[in-house]
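A.B. asks: Whatever this is, show me its structure:
(chains A, B, C and D)
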Protein chains: 2
Amino acid sequence: MNENIKPLEMRDECQITQTHDEKVARAKSLLPEDDKLFELSEFFKLFGDSTRIKILEAINGSELCVCDISEVVGVSSSGVSHQLRILRQNRLVKATRVGKETYYTLDDDHIGDIIRIGYNHINERRGLI
Amino acid sequence: MNENIKPLEMRDECQITQTHDEKVARAKSLLPEDDKLFELSEFFKLFGDSTRIKILEAINGSELCVCDISEVVGVSSSGVSHQLRILRQNRLVKATRVGKETYYTLDDDHIGDIIRIGYNHINERRGLI
DNA sequence: TAATCATGTGAGCAGTTGTTCACATGATAA
DNA sequence: TTATCATGTGAACAACTGCTCACATGATTA
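C.D. replies: Numbering: from 1, shown residues only, chains lettered A, B, ... in the order given. Model prediction:
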């Protein structure tokens, strides 16, 4: 796969004053910029809360208003509204206002795909254990 | 796509005492169990921290020891070790001890895939704005 | 043996996050 | 207009999280 990885026996020591310089330099050069990595972690963080995942699952396929979502996920309307604002600002959901109510759906199909990939992974992982 | 979604004009009101009962009931029945959703959010949470993402990117392809990773990501060896423990316990990375040092790599290819999908999404999203 | 070094770990702390409460806003109906 | 209702928002608080510090552990070398 990667010809730069030496066999374990050939490796030099990791002195504090003299780390594995070339490997570190190469890893550093391959690492994306900090703000890119930050943006990426912020994106995954959106899926890293069970209430938000519930909301996304709840509106995956069916279009629900805030108080419906509130009832489905078991969090106050206010709490749901706070989370929906976060999801809206990050374009994971989109809103349609109809009179007093606002209906929410997933913004695009990729969101459902990402959740599905996560499911596949934890299911495969369960199989391995 | 989904024939159960009525046109916006035909929707009934969302009274506090009388929510959109069938829609709510259907959404509830389609929702995975709570512990499943919790497990899924915990999985995504692992990618929801910029230090952990940096670590995963750093060892994606090259095998690095703790102090190397520490230098690449700019966090103390202790802090890196704490994060590596979390990643190890969740089988995102695997460790190989050689003498005093421990070399870390991604546990399997899916991990790199998931990060790549995240990248693709934020790049596409950027294109849309 | 003792000394050194890489890694692991518990404690403590600062910063963040998710929730509820109270109230504001905007829309419909009487 | 006023009343009611769904939603949105700021404040406050508790819980969580990631970091560093100090020290422990395990391995190598003198």
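A.B. asks: what about A:Val75, which SS state?
C.D. replies: When classified by DSSP: H, G, I helix; E, B strand; the rest coil, A:Val75 comes out as coil.
A.B. asks: Give me the phi and psi angles of the spatially most central residue of chain A.
C.D. replies: Taking CA atoms, centre = their mean as the criterion, A:Phe44 is the residue nearest the geometric centre of chain A, at 2.0 Å. Here is the backbone geometry of A:Phe44 (degrees, to the nearest 10): phi -70, psi -30.
A.B. asks: Show me what from chain A comes close to DNA strand D.
C.D. replies: Taking CB under 7 Å from any atom of the strand as the contact definition, chain A meets DNA strand D at A:65-67, A:70, A:77-78, A:81-82, A:84-85, A:95, A:100-102. Every C-beta, even on glycine, is put in place using the N, C-alpha and C of the backbone.
A.B. asks: any idea where the helices of chain A begin and end?
C.D. replies: Secondary structure of chain A (DSSP state H): helices at A:21-30, A:34-46, A:50-58, A:66-73, A:77-89, A:109-128.
A.B. asks: what are the phi and psi values for A:Arg91?
C.D. replies: Main-chain dihedrals, A:Arg91, degrees, to the nearest 10: phi 60, psi 30.
A.B. asks: The closest residue to it other than its chain neighbours: what's it in contact with?
C.D. replies: Counting by CB to CB, 6 or more residues apart in numbering or on different chains, A:Arg91 lies nearest to A:Asp107, which is 5.1 Å off, once chain neighbours are set aside. When contacts are counted by CB atoms under 8 Å, 6 or more residues apart in numbering or on different chains, A:Asp107 touches A:Arg91, A:Leu92, A:Val93, A:Lys94.
A.B. asks: Now the last one. Nearest residue, chain neighbours left out?
C.D. replies: When the adjacent residues along the chain are set aside, A:Lys94 lies closest to A:Asp107, with 4.8 Å between them (CB to CB, 6+ apart).
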